[in-house]
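1. fold the following and give me the result.
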Amino acid sequence: MIFRNALLDKKKSFFQLILQNRKWVVLMVSLISIVYFPLATVVNILRITERVSVYGLQTEYAQYKILNAVSAWIGFRSYAVVISAALGFIIALQGFRYLTDSRMMDFMGSLPYKKSRVFRNVYMNGIVIYIVPWMIGAFLSLIIAALFKAANQAMLLDVIYGIIVNFMIFMFVYSVTVLACEMTGRTIIAAAVSVLMLAIEPVLEMFFDFYTALYFKTYYYSSIDLVRNGVNPLMRYANALYSVRWNDWAMTFKDVHGNMDLLIFPLVLCLVFSVLATVLALVCNQKRREEMAGSAFAFPIVRSIAKPILTVVASLAVTVIISSLYSNTLSVYTTIISVIGIIIAGIIVSVLLEIIMEMNVHAGRQHLWQMGIAIVVSVAIYSVFRFDLMGYDSYIPEADEIESFAFFSEGNSSLSDYYVSSGDGVYDMNADYWSISNYYEEHMYLTDVEDLIPVVKQSQAYMNANPENYMQAGFDFTVIYRLKNGKTIYRTIVLDPDVDTALLDNIMGSDEYHESSYVFFSNDQIADANTVQLTFQNGFINRTEIGADLYEEFISNYRKDLVGYNYSLVTSENVVGSVDVTLTLGNGSGVSTMISSYEIYPTYTNTLGFLEEIGLYHENYISSEYIRSLSFSIYNETGYVSDYYEITDDDRIDEIAPYLKSTYASLYYKMDQDADDYIEISVSADMTEEDGEKSYYDGVVELDLSKISYEDFLELVRE
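-> Residues are numbered from 1 along each chain as shown. Predicted coordinates:
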């Protein structure tokens with residue numbers, strides 16, 4: 001009624017219409033802006049200030065932390081975009097709810113106003129309702145930060161960019177929701193269609209990832225590719241945020257501009273889709289009939305598209321449930337159950353959607369052809385993945401198509417301990433090495449394609465020979481193909497036990513492989529470090545020495561030994577320990593560390609000699625005098641414990657201890673696969689350090705098969 005009276009009063013101004021018809025929305029946005037920006041700013045500043053007082057942080061570092069905290073809340077990298085997206089959704093539904101009222105539509109049809117004018121007024125009202133309070137809240141927050149000396153010129157630029165980013169995200173969601181309102185006749189249906197249009201791409205990607213992981217044996221999930229680079233602006237924005245530096249304490253113009261550049265393309269997509277959705281909404285506004293208010297859809301074609309899509313998604317979701325009930329999703333039985341489930345789900349969902357759309361329980365029998373199409377499409381999609389009709393698991397690029405490749409095993413990667421952290425434990429998400437796969441993608445460029453392809457072919461054939469969907473026993477490797485056309489393709493393979501080791505030796509024994517598999521700190525990094533620490537560890541003992549000269553000598557010897565590193569070495573020898581190199585950077589509370597790990601094999605004579613010379617090396621055997629108790633769990637071929645023994649007698653411990661070694665030295669590439677049983681050995685021991693302090697060890701160790709056979713050790717335990 002208020003909206004109707006406002007339309008009749010031609011003297012009413014633009015903002016009077018807003019205040020009369022949309023007061024609660026204005027109040028909601030204003031409260032959110034005031035609570036989110038100023039209040040959050042004050043809370044963060046007080047929180048950091050308290051930490052400065054309690055922990056005695058240096059003033060300069062504390063100021064950087066305050067700037068970073070405020071920027072994270074009100075700048076362009078904040079999570080305020082979630083609020084902006086939600087407001088765009090709500091404001092659009094509230095503003096265009098008149099399209100769902102048949103009496104209001106009849107009344108408006110009798111007025112001397114063009115549809116386009118009403119559309120324009122309501123559309124612009126929604127934008128003003130959002131942007132005015134949002135800008136006030138953001139700049140009020142900046143003023144508060146300045147009063148606490150927590151703002152600078154870069155912060156001002158950050159806030160301006162933040163307003164732009166949030167506005168573009170708002171416009172994208174707002175425009176798409178307005179389009180959904182124009183295409184439908186009920187608010188609940190408009191909300192559902194809006195969510196469908198906003199989420200259809202990530203939902204399809206989710207199903208694609210699930211199906212490829214479920215049915216394709218060579219599928220590899222790249223942890224760096226958290227969100228694919230599709231055309232959805234929200235997903236593009238989320239992906240770009242992973243490249244934004246989250247621990248830049250010193251807010252500078254260079255930092256702000258550099259990070260903002262990463263978001264340009266998602267914002268351009270927001271603009272393009274906002275304009276496109278607005279134009280389509282205006283066209284729908286001109287084409288829709290007033291009598292469609294209150295109906296599910298204003299245009300039959302929208303129903304014909306939305307209903308089958310929802311039915312297909314729901315039908316395929318059933319296979320997700322079925323796959324969780326059966327271990328082998330590739331069996332004939334599971335396949336039949338999945339197809340039946342798709343058909344039943346398609347029928348039920350299609351009927352329910354029709355009833356909901358028409359608000360009539362008898363409407364479920366209508367539009368059966370849409371149901372049929374949805375079921376056929378669902379079964380077809382399932383079949384493509386289930387029977388690998390795309391040839392995913394057999395795909396290998398031609399040799400002349402590959403520019404370079406990466407070949408690595410995450411389970412045996414020396415990079416697992418390589419990272420950078422700040423003094424407060426914040427990891428540098430902008431570093432190339434925050435993900436093992438990302439590091440190799442960025443740094444490993446191998447060119448021995450002729451040796452790679454036979455290895456991959458034989459391994460894929462070995463994997464595909466397994467009729468079930470779980471991996472074959474063996475050692476898994478990730479292959480990253482960089483094609484000459486610019487594409488990057490990930491695959492996981494399990495090495496065939498009968499693979500030609502000479503081919504693998506050529507790949508893993510090359511200088512290209514060695515230089516990209518290990519991180520060697522540069523001279524500048526060593527020179528800039530406050531301390532350079534070498535720590536040798538083998539599971540029982542940790543020994544540490546400090547000195548930049550020690551690192552240089554260690555690396556010199558390690559490079560000499562690394563020449564002998566290849567596949568034959570890692571499958572025949574066990575590591576005797578590792579050396580962690582830790583670089584400490586910065587000062588005071590702003591200390592950060594860089595850590596890299598280097599495993600040591602028994603054939604690394606130069607490195608071992610150096611470690612013994614400086615007193616770091618220690619054998620990975622524990623003296624029986626320190627062992628308090630031994631316990632043995634013996635597993636049979638079914639995976640269940642067949643026998644359990646606990647030994648506390650000192651004489652028996654003296655007899656058994658020489659055959660036990662640290663699990664740190666366990667072989668990744670060599671397993672006792674011929675044994676009928678598997679022994680898990682738990683050790684409880686008191687360790688005495690060289691400085692006289694005692695420590696307690698309680699963990700699992702490994703049987704040294706080089707000193708005793710499995711059968712002989714089993715007999716020794718059972719005596």
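2. now the strands for the stretch 151-300 of the chain?
-> In the stretch 151-300 of the chain, no segments count as strands under DSSP state E, counting those that start in this stretch.
3. give me the low-pLDDT residue ranges for it?
-> Within the stretch 151-300 of the chain, the ranges that satisfy pLDDT under 70 run 222-229, 242-252.
4. on contacts alone, who are the packing partners of whichever helix or strand S629 is part of?
-> According to DSSP states H and E, S629 maps onto strand 627-635. For strand 627-635, the elements it packs on are strand 641-647, helix 650-656, strand 678-688, helix 710-717, judged by 3 or more Cβ pairs under 8 Å, 6 or more residues apart in numbering; DSSP states H and E. Every residue, glycine included, has its C-beta placed from N, CA and C.
5. tell me which of those sits nearest to V701.
-> Closest approach to V701 among the helices and strands packed on strand 627-635 (Cβ to Cβ): strand 678-688, 5.1 Å.
6. name the residues of the closest one that are buried.
-> Y678, I679, I681, V683, A685 (16 or more other Cβ atoms under 10 Å).
7. burial measure for the closest residue to the fourth one other than its chain neighbours, as a count.
-> Which is V683. Counting by Cβ to Cβ, 6 or more residues apart in numbering, V701 is the residue found nearest to V683 once chain neighbours are left out, at 5.1 Å. For V701, the neighbour count with other Cβ atoms under 10 Å is 27.
8. same thing with N574?
-> For N574, the neighbour count with other Cβ under 10 Å is 22.
9. my guess is it meets P602, correct?
-> Yes - in this structure N574 lies within contact range of P602 using Cβ atoms under 8 Å: 7.3 Å.
10. circling back: mean pLDDT for the helices and strands packed on strand 627-635 - can I get that in JSON lines?
-> Below are the helices and strands packed on strand 627-635 laid out as JSON lines (pLDDT from 0 to 100):
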{"stretch": "strand 641-647", "mean pLDDT": "82"}
{"stretch": "helix 650-656", "mean pLDDT": "91"}
{"stretch": "strand 678-688", "mean pLDDT": "73"}
{"stretch": "helix 710-717", "mean pLDDT": "84"}
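11. tell me which of those sits nearest to A138.
-> Proximity to A138, assessed across the helices and strands packed on strand 627-635 by Cβ to Cβ, is greatest for strand 678-688 (57.1 Å).
12. each with direction, which strands does the closest one pair with?
-> Looking at strand 678-688 with DSSP bridges, its partner strands are strand 627-635 (antiparallel), strand 694-703 (antiparallel).
13. from those strands, which stretch is densest packed?
-> strand 627-635 (a mean of 18; mean count of other Cβ atoms under 10 Å).
14. so Y621 belongs to a strand, correct?
-> No - Y621 is assigned coil when assessed by DSSP: H, G, I helix; E, B strand; the rest coil, not a strand.
15. now it: phi and psi?
-> Dihedral pair for Y621: phi -110, psi 140, per degrees, to the nearest 10.
16. equivalent analysis for L660, please.
-> The phi/psi pair for L660 (degrees, to the nearest 10) is phi -110, psi 140.
17. enumerate every residue touching it.
-> The neighbours of L660, taking Cβ atoms under 8 Å, 6 or more residues apart in numbering as the test, are Y621, I622, L630, I681, V683, V701, E702, L703, D704.
18. kindly reformat these as a markdown table containing distance to F76.
-> Formatted as a markdown table, these follow (distance: Cβ to Cβ, whole Å):
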| residue | distance to F76 |
| --- | --- |
| Y621 | 56 |
| I622 | 55 |
| L630 | 59 |
| I681 | 55 |
| V683 | 53 |
| V701 | 52 |
| E702 | 51 |
| L703 | 56 |
| D704 | 57 |
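19. for those, which one is nearest G474?
-> E702 (19.7 Å).
20. how near is the closest one to I614?
-> Note on E702: its distance to I614, by Cβ to Cβ, to the nearest Å, is 27 Å.
21. which positions in stretch 328-339 come out as buried?
-> Buried-residue list, stretch 328-339, by 16+ other Cβ under 10 Å: T329, L330, T334, T335, I337, S338, V339.
22. so which of the residues you listed comes closest to R97?
-> Nearest to R97 among the buried residues of stretch 328-339, with distances taken as Cβ to Cβ, is S338, at 41.5 Å.
23. check that closest one and give its pLDDT.
-> Each residue has a pLDDT score; the one for S338 is 93.
24. can you check N125 too?
-> 88.
25. picking that back up, mean pLDDT lowest for which of the strands paired with strand 678-688?
-> Looking at the strands paired with strand 678-688, the bottom one is strand 694-703 with a mean of 73.
26. that one relative to helix 710-717, how many degrees between them?
-> 130 degrees (axes from the mean of the first three to the mean of the last three Cα atoms, to 10 degrees).
27. with just CA atoms, put strand 694-703 into CSV.
-> The C-alpha coordinates for strand 694-703 follow below in CSV (Å, rounded to 0.1, in the frame of the first residue of the first chain):
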residue,chain,number,x,y,z
LYS,A,694,66.6,-36.9,30.2
SER,A,695,63.7,-37.2,27.7
TYR,A,696,61.1,-39.8,27.1
TYR,A,697,60.5,-41.6,23.8
ASP,A,698,57.3,-43.5,23.1
GLY,A,699,56.6,-44.5,19.5
VAL,A,700,56.8,-47.0,16.7
VAL,A,701,60.1,-48.2,15.3
GLU,A,702,61.0,-50.4,12.3
LEU,A,703,62.6,-53.8,11.9
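28. distance check, A213 against H257.
-> 39 Å.
29. name the surrounding residues that touch the host helix or strand of L583.
-> In this assignment (DSSP H and E), L583 forms part of strand 577-585. Strand 577-585 is contacted from outside by 414, 417, 521, 525-526, 528-539, 551, 554, 591-600, 607, 611, 616-618, 620, 662, 664-665, using Cβ under 8 Å, 6+ apart.
30. mind checking which of those residues are in strands?
-> 531-537, 592-600, 662 (DSSP state E).
31. helices along the stretch 151-300 of the chain, start to end?
-> Ranges of helices in the stretch 151-300 of the chain, per DSSP state H, counting those that start in this stretch, are 153-183, 187-215, 233-241, 253-261, 264-287, 300-325.
32. which residues of the stretch 451-600 of the chain score low on pLDDT?
-> In the predicted model, the stretch 451-600 of the chain carries pLDDT under 70 at residues 468-473, 586-592.
33. quick one, grab the pLDDT at the residue lying closest to I373 once chain neighbours are set aside.
-> Leaving aside its chain neighbours, I373 sits nearest to P308 (5.6 Å; criterion: Cβ to Cβ, 6+ apart). pLDDT recorded at P308 is 89.
34. P308 contacts Q370, doesn't it?
-> Yes - counting by Cβ under 8 Å, P308 touches Q370, with 5.3 Å between them.
35. counting neighbours, go ahead and name the busier of those two.
-> Using other Cβ under 10 Å, the more surrounded residue of P308 and Q370 is P308, with 24 against 19.
36. which residues does the more buried one contact?
-> Residues near P308 by Cβ under 8 Å, 6+ apart: Q370, I373, A374, V377.
37. I'm done for today, thanks for sticking with me.
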